[in-house]
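Q: Build me a model from this:
(chains A and B)
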Protein chains: 2
Amino acid sequence: MNCEIVAVGTELLLGPSVDTNSAWIGERLAENGIASHFHTAVGDNPARIVDVLRIALSRSDAVIVTGGLGPTSDDVTREAIAEVMGVELNLDAKLEAELRAIFAARNREMSPSNLRQAMRPDEAVAISATRGTAPGLICPVGEKVVYALPGVPAEMKEMMQRAVLTDLRRRSGETQAIVSRFLKTWGVPESVLGEMVAPRVQALESSGNLTIAFLAHGIDGIHIRITARAQSHDEAVALLDDEESQLRQLLGQLVFAVDHQTLESVVGNLLSAHRMTLALAESVTGGLIAARLTGVPGAGDWFKGGVVSYATEVKQSVLKVPDGPVVTVSAAQAMAQGARNLLAADVGVGITGVAGPTEQENQPVGTVFVAIDTSDSVETLELHLSGDRQRIRETACITVLDALRKKLQERPLLEH
Amino acid sequence: MNCEIVAVGTELLLGPSVDTNSAWIGERLAENGIASHFHTAVGDNPARIVDVLRIALSRSDAVIVTGGLGPTSDDVTREAIAEVMGVELNLDAKLEAELRAIFAARNREMSPSNLRQAMRPDEAVAISATRGTAPGLICPVGEKVVYALPGVPAEMKEMMQRAVLTDLRRRSGETQAIVSRFLKTWGVPESVLGEMVAPRVQALESSGNLTIAFLAHGIDGIHIRITARAQSHDEAVALLDDEESQLRQLLGQLVFAVDHQTLESVVGNLLSAHRMTLALAESVTGGLIAARLTGVPGAGDWFKGGVVSYATEVKQSVLKVPDGPVVTVSAAQAMAQGARNLLAADVGVGITGVAGPTEQENQPVGTVFVAIDTSDSVETLELHLSGDRQRIRETACITVLDALRKKLQERPLLEH
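A: The predicted model follows:
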């Protein structure tokens, strides 16, 4: 079974719009054991969409088309699919009723052009719209199939999960449950990670029901995807649990989060577990760390706030950093302590350094000093980061959050 | 003349890697008046790459291929192109010498596999590598042409600008200079912007040497691209200058930046021009505004720093916000004044609000109060933003920066 992806929309060809839908769909297909060999983007042109669909159907068992299902005259995916199927496109009374109900519920006038969204190629099965107004379509073409989904990512993803993957799995004859889990790592390159988990990759080679893959996420680290196949969902989850614990024995503290967890949500959970609050003093990162932490819902329970002490005199007057050089480990320590005192927090973190473009206090670009002050102990780091200004700031941000995570994980939990 | 784009790399099909190269190339082609009707992504499979190239050459005059030019055995773009050209792939002595010079200059050992990057299909012309190690290729196929470029964005972009666009323009017989300029706007939707500039769009319909296009950049606003064609670069720039001033008369303060300027760099330039410094007090945006401002090189000249006053007691103890509710316009005013005083800055900005997921002090999610305090005057804003937590925070961030820009632009410049 293989399935290719076609993204429709002239805006995808002309920039700056980037087709993120196809990568997301490709990832879901891979997780479900379905091969995908080609992605194509094509403009809102009926003849070209027809050509692209015919090429796709000549070499793949299934095609997922995103976009071109809107209400305007340049939304022509429905027409193109009907032509490829060799059937007529007709108004579907049930889809029309659903569409009118959506507009009525939103107290919005429905214009006649919106009725285009209730058109269905004969023999196609509709996927009801639950988030937007455009229904999806499942369109048989001989033994093969074309799925049409809206281009709006949230609508596309919901229909993909609800209807398309199920139908694809049924067609592929796949009866096993396939479940994936992601272990997110930070701190070592993919080659080192590969060597560390090599014993498990070798052990699994003959197993057939568990696979491991590495996915590089840039500044979000390298994610290890474990995929399990079993007779039931529960059995697959049990396989994942066992494999996760085997991998964690090899990887130790390199794993910072699982699945939908983020580094900042993990830090927040650890602070909550310790019943500790955090304050920051950021210079080189300039608010990046605070911005990530406050992105976590409920951050107010464990995050007091921070001082972006960009100017030297702010470090001195607000955080009580002594006179003298400020790109030093002792300045980072004074900043951490100053933030902890000023904001009355349990943990203070100070970050000072040089993001460039020019050196500062004779310290080269990329030099960063960090202090984590938990009042009973102070840990310091000296980093030498490479890349441009943005890269140095972002790498410092994730490195500081990861160091804080490790320090909190090592700390014994108090009995409450 | 039309040119399609092929991105090579199995990682593009499996997620999470998103093909950003093709959108960037598509934008450059559009600016240069070259049509692009199809983008295709294909894995590192020689037979499939050959098929995709043959389909592309059957319907387009030129093809730009990115990726698959690395030194490892799964980098097979060179082999696939040679097959499509019907020629042999041979080691090029000049490319080998260039490659050895690159490794020598970096004091790195060159492994035998690296020699793959010095292979050139007979009849193809190499584009020297100036950033990485992989040379690009210009490969004639009958009257048509395939360009092969590295997948690393910085390497690809440099070769595209240096070699490919020039060659494409020569082949297309285009002798005119084509130059684009981007006016970046924030604050009104695309439909309203379209109505505002309709007189210019109509006036240009018969001109032939100037075009206007709208590009939606999400949280970075809507950009208006003006493209001019003329006998010389200088003449094209003169046309752009004239059109920009005509559009600015219609758009007024909606234009926040031009070309590579960002909203935060414009704010920084305005603060420098006024010889003023800035301090922030961020609650709901939690450091996002500080992080954007400190991303500007040289921000230390005009940015003192900020307080991320997430906890209510931090607003009170550090910024001297009076006891009582903190999601109010008067709290925003007190925060702005507190930041200005504490950090000894000329301008203070305070932002407080509710990002969700739950309401606070009976204020619904999306309520945001802003104060901009320049000591001689205080401006306040009350925003009601929609979307999820991230969307509300990001929209608040850009709205505050834009309000600060307008206030600084309206302020008369002092003689120095």
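
Q: Point out where chain A drops to low pLDDT.
A: In the predicted model of chain A, residues A:415-416 satisfy pLDDT under 70.

Q: Contacts (any at all) between chain B and stretch A:226-241?
A: No: using C-beta under 8 Å from any C-beta of the partner chain, stretch A:226-241 stays clear of chain B, coming no nearer than 11.9 Å. C-beta here means a position set from N, CA and C on the backbone, and glycine is covered the same way.

Q: Need the distance between the two termini of that stretch.
A: Its first and final residues considered, stretch A:226-241 spans 10 Å by C-alpha to C-alpha, to the nearest Å.

Q: Residues contacting it, please?
A: A:31, A:33, A:176-183, A:208-213, A:243-244, A:247 (C-beta atoms under 8 Å, 6 or more residues apart in numbering or on different chains).

Q: of these, buried ones?
A: Buried members of the contacts of stretch A:226-241, scored by 16 or more other C-beta atoms under 10 Å in any protein chain shown, are A:31, A:33, A:176-183, A:210-212, A:243-244, A:247.

Q: Where helices are concerned, which of the residues you listed count?
A: Cross-referencing those against helices under DSSP state H gives A:E31, A:E243, A:E244, A:L247.

Q: Of those, which is the nearest to B:S58?
A: A:E31 (34.2 Å; C-beta to C-beta).

Q: In contact with the closest residue to that closest one other than its chain neighbours, which residues?
A: Spatially, and ignoring its direct neighbours in sequence, A:E31 is nearest to A:S180 (4.6 Å; C-beta to C-beta, 6 or more residues apart in numbering or on different chains). Residues counted as contacts of A:S180 (C-beta under 8 Å, 6+ apart) are A:E31, A:R225, A:I226, A:T227, A:A228, A:L240.

Q: at 10 Å instead, please
A: A:27-28, A:30-32, A:211, A:213, A:225-228, A:236, A:240, A:259 (C-beta atoms under 10 Å, 6 or more residues apart in numbering or on different chains).

Q: residue nearest the centroid of chain A?
A: A:H260 (8.1 Å; C-alpha atoms, centre = their mean).

Q: SS state for that residue?
A: coil (DSSP: H, G, I helix; E, B strand; the rest coil).

Q: quick one: it and A:F182 touch, right?
A: Yes: judged on C-beta atoms under 10 Å, A:H260 makes contact with A:F182 at a distance of 8.6 Å.

Q: what sits against A:R225?
A: A:27, A:30-31, A:180-183, A:211-215, B:14, B:16.

Q: Nearest spatial neighbour of it, chain-adjacent residues omitted?
A: A:A213 is the one closest to A:R225 (C-beta to C-beta, 6+ apart), at 4.6 Å.

Q: ok, that neighbour to B:E11 distance?
A: Remark: distance between A:A213 and B:E11 (C-beta to C-beta, to the nearest Å) = 11 Å.

Q: Pop out the phi and psi values for A:H384.
A: Main-chain torsions, A:H384, degrees, to the nearest 10: phi -130, psi 100.

Q: And for it, the neighbour number?
A: When neighbours are defined as other C-beta atoms under 10 Å in any protein chain shown, A:H384 has 12 of them.

Q: Roughly how far does the closest residue in space to it that isn't next to it in sequence sit from B:C3?
A: Of all residues not flanking A:H384 in the chain, A:G366 sits nearest, at 5.5 Å (C-beta to C-beta, 6+ apart). A:G366 sits 39 Å away from B:C3, going by C-beta to C-beta.

Q: So for these two, which sits in the more crowded spot?
A: B:C3 (26 against 22).

Q: Assess the claim that the more buried one and B:R171 are in contact.
A: Yes: in this structure, B:C3 is within contact of B:R171 by C-beta under 10 Å, at 9.5 Å.

Q: Between the two, which contacts overlap?
A: With C-beta under 10 Å, 6+ apart as the test, B:C3 and B:R171 both reach B:I34, B:D61, B:A62, B:K144, B:V145.

Q: From those residues, which land in strands?
A: B:A62, B:K144, B:V145 (DSSP state E).
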